[in-house]
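Participant: sequence first, then the predicted structure:
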Amino acid sequence: PGAAAYAMTVGGAELPCFDPRIQPGVGLGYALAPGGPRYDALEHDLDFDPVAGLAYSFPEARRIGAEPAPAGVLDEERGRRTARLLRLWSGLDALNLCVFASSPTRPLTIDRLTALVTAVLGDAFTLEDLLAAGQLRLDEMRAYAAREGGAPGELPARMHDEPITEGRHKGAVLDRAAFARAGAAFRAELGWQDIS
């Protein structure tokens with residue numbers, strides 16, 4: 001009894017090892033992505049931090065509307081940015097393209113990816129096509145989860161109530177109200193206004 005308060009899960013699935021209190025976009029993905037909490041569903045917030053991030057990837061991120069921002073900021077734009085990154089990586093997954101080699105932080109840029117798919121298909125394939133494939137995949141995963149009784153989950157209360165105790169990110173915690181607003185922006189970006 002009482003062990004549930006210590007479980008680090010979303011919808012019964014264990015959280016990956018990346019702490020969402022310092023990367024709130026990752027936390028949004030853990031809680032709201034239809035595939036559940038996965039560390040490889042989207043790029044991490046730290047990659048797009050203007051100071052500590054991967055500056056070479058910023059132009060690629062901007063192409064999908066993911067402007068660099070400080071990693072710990074939790075606002076509505078974080079929700080929209082997270083949804084856009086999730087859509088991109090969902091498109092890569094849909095086409096069986098390796099997310100660990102692909103845009104925005106790795107050598108397979110959007111132009112290289114779309115040229116590769118164009119070469120395979122024989123028809124022009126654009127960034128818009130890639131994002132549309134990602135959106136379709138997410139929508140279908142969401143419909144499947146709903147059919148099977150799944151729903152968006154909630155992060156463990158500890159992520160909102162217990163600040164990080166030591167180190168560079170000491171004191172970091174996810175404000176509940178800000179997380180809810182960012183989550184609403186995330187869902188709106190993906191066209192999922194019908195559920196909370």
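Facilitator: Yep, it's here. From a predicted model like this one, the values you see are computed outputs, not experimental measurements. Residues are numbered from 1 along each chain as shown.
Participant: separation between R78 and W192?
Facilitator: Look at R78 and W192: by C-beta to C-beta, to the nearest Å, they are 17 Å apart. No exception for glycine: its C-beta is placed from N, CA and C like everyone else's.
Participant: the two: which is more packed in?
Facilitator: Taking neighbours as other C-beta atoms under 10 Å, R78 and W192 compare with R78 leading, 27 against 18.
Participant: what about the more buried one, which helix or strand?
Facilitator: For R78, the host element (DSSP states H and E) is helix 76-94.
Participant: what mean pLDDT does that helix get?
Facilitator: Helix 76-94 shows a mean pLDDT of 96.
Participant: ok, and what's touching the lengthiest helix in the chain?
Facilitator: The longest helix of the chain (DSSP state H) is helix 127-147. Defining contact as C-beta atoms under 8 Å, 6 or more residues apart in numbering, one finds that helix 127-147 is touched by 33-35, 63-64, 86-95, 110, 113-114, 117, 150-151, 190-192, 195.
Participant: report how many residues lie close to F18.
Facilitator: For F18, the neighbour count with other C-beta under 10 Å is 16.
Participant: buried stuff in the helix holding R78?
Facilitator: Neighbour-count burial for helix 76-94, counted by 16 or more other C-beta atoms under 10 Å, picks out 76, 78-94.
Participant: got the angle for that helix vs helix 127-147?
Facilitator: Helix 76-94 runs at 90 degrees relative to helix 127-147, counting by axes from the mean of the first three to the mean of the last three C-alpha atoms, to 10 degrees.
Participant: who does the following helix or strand past helix 76-94 touch, helix- and strand-wise?
Facilitator: Downstream of helix 76-94, the first helix or strand assigned by DSSP H and E is helix 110-121. Under the contact definition 3 or more C-beta pairs under 8 Å, 6 or more residues apart in numbering; DSSP states H and E, helix 110-121 sits against helix 127-147.
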